[in-house]
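Peer 1: Coordinates for the following, if possible.
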Amino acid sequence: MAEDTLEVRSTLFAEGETIPLSAAHSMVGGDNVSPDLSWSDGPEGTKSYAVTCYDPDAPTTVGFTHWVLFDIPASTHALEAGTEGIGVTGFSDWGESAHGGMAPPAGDEPHHYVFTVYALDIESLGVDETTTYAKFRFLIRGHVLASGTLTGRFGIAA
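Peer 2: Down below sits the predicted model:
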């Protein structure tokens, strides 16, 4: 069965637009604040949501995970900028259980940052804040009812 599509939005940027410096990591002069996100209702049977932010352009050969947030209650359809305390924040590639803003190498073409919202048919993944993106993706297999993305761009001048 094909999964449905969620519409994902932010007041900070639209699809393909530049993400403001406020969401960038402090090491590049940003405020390291996760952007606000909202999404359309999941299909019938949605019991929770999850959100990830992934940079496929990072020079690591495997991309870079900036945010893993799961066990978001099904009644939630929006996250304010800098959201904390909703759901469980997993382990990012920054090496901590927190949102880690963008910080591409100076001079790179702007990187793409893919924010994905997943509607899941389970209330909880049953794991904690040490959960990595890879483990998260493994655990949601067979549980995704719908998903949607919002992709922004961010770069640092050389």
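
Peer 1: just how off-centre is the worst-scoring helix or strand of the chain on mean pLDDT within its chain?
Peer 2: For the chain, counting by mean pLDDT, DSSP states H and E, strand 4-5 ranks last in confidence among helices and strands (a mean of 89). Relative to the chain's own centre, strand 4-5 is displaced by 17 Å; criterion: Cα atoms, centre = their mean, to the nearest Å.

Peer 1: OK, contacts around Ser124?
Peer 2: Ser48, Asp71 (Cβ atoms under 8 Å, 6 or more residues apart in numbering). (Glycine included, C-beta is placed from N, CA and C.)

Peer 1: Recalculate using a threshold of 6 Å.
Peer 2: Ser124 is in contact with Asp71, counting by Cβ atoms under 6 Å, 6 or more residues apart in numbering.

Peer 1: in which helix or strand would I find it?
Peer 2: Using DSSP states H and E, Ser124 sits in no helix or strand.

Peer 1: returning to what we had before: paired strands for the following helix or strand past the least confident helix or strand of the chain, with orientation please.
Peer 2: Counting by DSSP H and E, the next helix or strand C-terminal to strand 4-5 is strand 8-9. When pairing is defined by DSSP bridges, strand 8-9 lines up against strand 37-39 (antiparallel).

Peer 1: Could you pull out the buried residues of the strand it pairs with?
Peer 2: Leu37, Ser38, Trp39 (16 or more other Cβ atoms under 10 Å).

Peer 1: sorry, back to before: and the least confident helix or strand of the chain, which strands flank it?
Peer 2: strand 144-154 (parallel).

Peer 1: okay, the closest residue to Leu150 other than its chain neighbours: pLDDT?
Peer 2: Spatial nearest neighbour of Leu150, chain neighbours left out: Val8 (4.1 Å); criterion: Cβ to Cβ, 6 or more residues apart in numbering. We have a pLDDT of 98 for Val8.
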